[in-house]
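Peer 1: A predicted structure for the sequence below; I have some questions about it.
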Amino acid sequence: MSIKTIAVIGSGAAALALASALPPSYQVTVITKKGIKNSNSRHAQGGIAAAYAKDDSIASHMEDTLYAGCGHNDQNIVSDVLLDGKTIIENFLENDFPFDRDKQGKVSLGREGAHTRNRIFHAGGDATGSMLIDYLLKQINSQIEVIENETAVDLLMKNGRCAGVVTKDSRGRINLRHADEVVLAAGGCGSLFQHHTNDPSVTGDGLSLAYRAGAELTDLEFTQFHPTLLVKNGVSCGLVSEAVRGEGGFITDQNGRRIMAGRHPLEDLAPRDVVSRVIHEEIAKGKRVYIDCSAISDFEVRFPTITSICEKAGVDIRKRKIPVAPGMHFLMGGVSVNRWGETTVPGLYAIGETACTGLHGANRLASNSLLEALVFGKRAAEHIMRKPVDNRYSQFNGETSGVYEVPNIELSELQNRMTSDMSIVREKDRLIEMSNWLYGLPSQKINVKDITIPQLELSHLWQVAKLMTSSALLREESRGAHFRIDIPQADAGWQGKQIVHTKKGTKMRKNEGIWRNESFTAEKIAESLFS
Ligand code: SIN
């Protein structure tokens, strides 16, 4: 009997949701650069958003998602991901997933930025991602092979189809791992910036591998900076969840002035892009910024992970004042996929942060990403199961001769320049300068057989930086997380337009699925959903 082989690159929530949804008749290999628990999902403090409360509805969750996304979300994807996501969460509840509960045993639903209802499910206080990964690991069947400390260095291609993955193990040996389907679930590219919340192993690999294979990448200009990383003496020490503000924390300058007052109707719970810009502005003026947590009496119980981050950083949490600054958190753009997670390259899927599904638009609503990871992991698995089992590509005896261009710079130089010119506030002339620098960097060609992992990571990040900067330069408006100080307004002419990169070049596309401002009301969305 023919067995279908699936190679999954990455081990976060999307990867494990996919692996756990495939029956034992599939030969699934999860390949991860470091340990199975190295992923962005693992670090997620804030939880999973779903319209579960009595006063909540899919229409309201949708309204908040579209509002945060600033007119750049794919409306159909938003509605069906939120619906499917809710079903998954109900299933988790039936299976006794340990969501936090109040003294009466009712699920405690928290609030985060730009949500108008309490709809965030947490676990372990602020350890939702970690508990989710443990839960999914228990669900995957024992036949799934997990390969740790092995890096995907290239994709195997045959006749325009993805036929497997080339990997390098910790001893530097190259392996050709043939597969009928390859799934990229390698996270985003937080390491491109000085301060970020990502696992250090997340270095744009999925994006760069897909690009090399000829896949389409889109929306790369939309990079979400989380407003509140604990940053002390210029060093970022970890995330301070938005849930802290949901429980009554607020942002101040060193004199105790509430800096979000008067800046947005939702003040400290404004969408992330707004809060990050205000904090960025204060820091640029030489101010120091803090989260005041004095209203949260049981902070250490509610937020054990943040308490431990504070302890490690030498911040006395009893003073209820945590120094913060924004840092790169999540990439809204990524490898373009359809509703099943299929990329534009046959045999290649992308899920989780690696993918651009259209859910997040120009600015992701808090706690929608674990939801997306679960939905698309499951969907990609369902799609794979519907394909005939033919084992065509397992017999492919390809050789790899992949070559990478590695720039002659240190990663820190790339991070410094991306942070100063491509982060929260962008400006045309500086983007041009940045682009000239990136495209003009001297480099050397290194074969995958000889390349070291740091060289490979630098090459991936450089590639992503070039595409991201081109997108930021081309998008002549401000929308969501893409803020151009030279053009600080959204432009209706850009509504629904996407910048798309492939190896063959860059183009602009009008996406008819993208939500239009004028037709938007919660009632209309409810009608379109349930009619
Ligand atoms: C947070 O806890 O603030 C992060 C949640 C998220 O990124 O969705």
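Peer 2: Everything's here; your move. Numbers count the residues shown, from 1 in each chain.

Peer 1: Show me the shaky parts of the protein.
Peer 2: The chain contains residues with pLDDT under 70 at 1, 389-401, 516-531.

Peer 1: List, one by one, the residues from the stretch 1-150 of the chain near the ligand.
Peer 2: 45, 46 (Cβ under 6 Å from any ligand atom). Any C-beta I mention is one placed from the backbone N, CA and C, and that applies to glycine too.

Peer 1: Just say helix, strand or coil for the residue in the stretch 1-150 of the chain positioned nearest to the ligand.
Peer 2: Distances between the stretch 1-150 of the chain and the ligand by Cβ to the nearest ligand atom are smallest at residue 46, namely 2.4 Å. Under DSSP: H, G, I helix; E, B strand; the rest coil, the three-state class of residue 46 is coil.

Peer 1: That one and residue 510: what is the separation?
Peer 2: For residue 46, the distance to residue 510 equals 34 Å [Cβ to Cβ, to the nearest Å].

Peer 1: Who has more neighbours out of these two?
Peer 2: residue 46 (25 against 9; other Cβ atoms under 10 Å).

Peer 1: Quick check: phi and psi at the more buried one.
Peer 2: When read as degrees, to the nearest 10, the backbone of residue 46 gives phi -60, psi 170.

Peer 1: That one contacts residue 115, correct?
Peer 2: No. In this structure residue 46 lies outside contact range of residue 115 using Cβ atoms under 8 Å: 10.5 Å.

Peer 1: can you pull the buried residues of the longest helix anywhere in the chain?
Peer 2: Secondary structure assigned by DSSP state H gives helix 453-474 as the longest helix of the chain. The neighbour-count check on helix 453-474 (16 or more other Cβ atoms under 10 Å) flags 453, 456-473 as buried.

Peer 1: Name the strands paired with the helix or strand just after it and say parallel or antiparallel.
Peer 2: Later in the chain than helix 453-474, the nearest helix or strand by DSSP states H and E is strand 497-502. Here strand 497-502 is paired, per DSSP bridges, with strand 217-218 (antiparallel), strand 505-510 (antiparallel).

Peer 1: Which residues does strand 497-502 contact?
Peer 2: Residues from elsewhere that reach strand 497-502, judged by Cβ atoms under 8 Å, 6 or more residues apart in numbering: 211, 214-221, 336, 344, 467, 470-471, 474-475, 506-511, 514.

Peer 1: Run the chain-centre distance for that strand.
Peer 2: 18 Å (Cα atoms, centre = their mean, to the nearest Å).

Peer 1: hang on, residue 154 in a strand?
Peer 2: Yes. The assignment for residue 154 (three-state DSSP) places it in a strand.

Peer 1: Run through the bridge partners of it.
Peer 2: Here residue 154, judged by DSSP bridges, has bridge partners residue 166.

Peer 1: My guess is it contacts residue 166. True?
Peer 2: Yes. Residue 154 is within contact range of residue 166, at 4.2 Å (criterion: Cβ under 8 Å).

Peer 1: Who are the packing partners of the longest helix of the chain?
Peer 2: Counting contacts by 3 or more Cβ pairs under 8 Å, 6 or more residues apart in numbering; DSSP states H and E, helix 453-474 is packed against strand 150-158, helix 205-212, strand 403-407, helix 411-421, helix 428-440, strand 497-502, strand 505-510.

Peer 1: so what's the residue positioned nearest the centre of the chain up against?
Peer 2: Computing the C-alpha centroid of the chain and ranking residues by Cα atoms, centre = their mean puts residue 353 first, at 3.5 Å. Residues near residue 353 by Cβ under 8 Å, 6+ apart: 12, 14, 40, 187, 188, 330, 331, 334, 369, 373.

Peer 1: how close does it get to the ligand?
Peer 2: 10 Å (Cβ to the nearest ligand atom, to the nearest Å).

Peer 1: In contact with residue 477: list those residues for me.
Peer 2: Counting by Cβ under 8 Å, 6+ apart, residue 477 touches 484, 487, 489, 490, 491, 493, 494.

Peer 1: ok, what's across the strand from the first one?
Peer 2: When bridges are called by DSSP bridges, residue 484 pairs up with residue 426.

Peer 1: I'd assumed residue 471 was in contact with it.
Peer 2: No. Judged on Cβ under 8 Å, residue 484 makes no contact with residue 471 at a distance of 11.7 Å.

Peer 1: who touches both of those two?
Peer 2: Common neighbours of residue 484 and residue 471, counting by Cβ under 8 Å, 6+ apart, are absent.

Peer 1: and the chain, which of its residues are near the ligand?
Peer 2: The chain has residues 45, 46, 241, 242, 243, 329, 366, 367, 369 near the ligand, with proximity defined as Cβ under 6 Å from any ligand atom.

Peer 1: Okay, and which of those residues map to helices?
Peer 2: The members of the residues of the chain next to the ligand that map onto helices under DSSP H are 243, 369.

Peer 1: just the residues of the chain next to the ligand now: which is nearest residue 56?
Peer 2: Nearest to residue 56 among the residues of the chain next to the ligand: residue 367, at 13.4 Å, using Cβ to Cβ.

Peer 1: List the contacts of the residue lying closest to that closest one once chain neighbours are set aside.
Peer 2: Nearest non-adjacent residue to residue 367, counting by Cβ to Cβ, 6 or more residues apart in numbering: residue 49, 4.0 Å away. Listed by Cβ under 8 Å, 6+ apart, the contact set of residue 49 reads 61, 85, 112, 115, 119, 120, 121, 365, 366, 367, 368, 371.

Peer 1: One more pass at 6 Å, please.
Peer 2: For residue 49, the contact set (Cβ atoms under 6 Å, 6 or more residues apart in numbering) comprises 119, 120, 367, 368, 371.

Peer 1: same question, residue 508
Peer 2: residue 497.

Peer 1: Kindly report the same for the one 3 residues further on.
Peer 2: By Cβ under 6 Å, 6+ apart, the contact list for residue 511 reads 496, 498.

Peer 1: again with residue 74
Peer 2: By Cβ under 6 Å, 6+ apart, residue 74 lies in contact with 358, 513, 514.

Peer 1: out of these, which is most surrounded?
Peer 2: For the contacts of residue 74, neighbours tallied by other Cβ under 10 Å; top is residue 358, 27 neighbours.

Peer 1: what are the phi and psi values for the residue nearest to it when sequence neighbours are not counted?
Peer 2: Leaving aside its chain neighbours, residue 358 sits nearest to residue 74 (2.8 Å; criterion: Cβ to Cβ, 6+ apart). Main-chain dihedrals, residue 74, degrees, to the nearest 10: phi -90, psi 110.

Peer 1: Report the beta-bridge partners for residue 74.
Peer 2: With beta bridges defined as DSSP bridges, residue 74 has these partners: residue 514.
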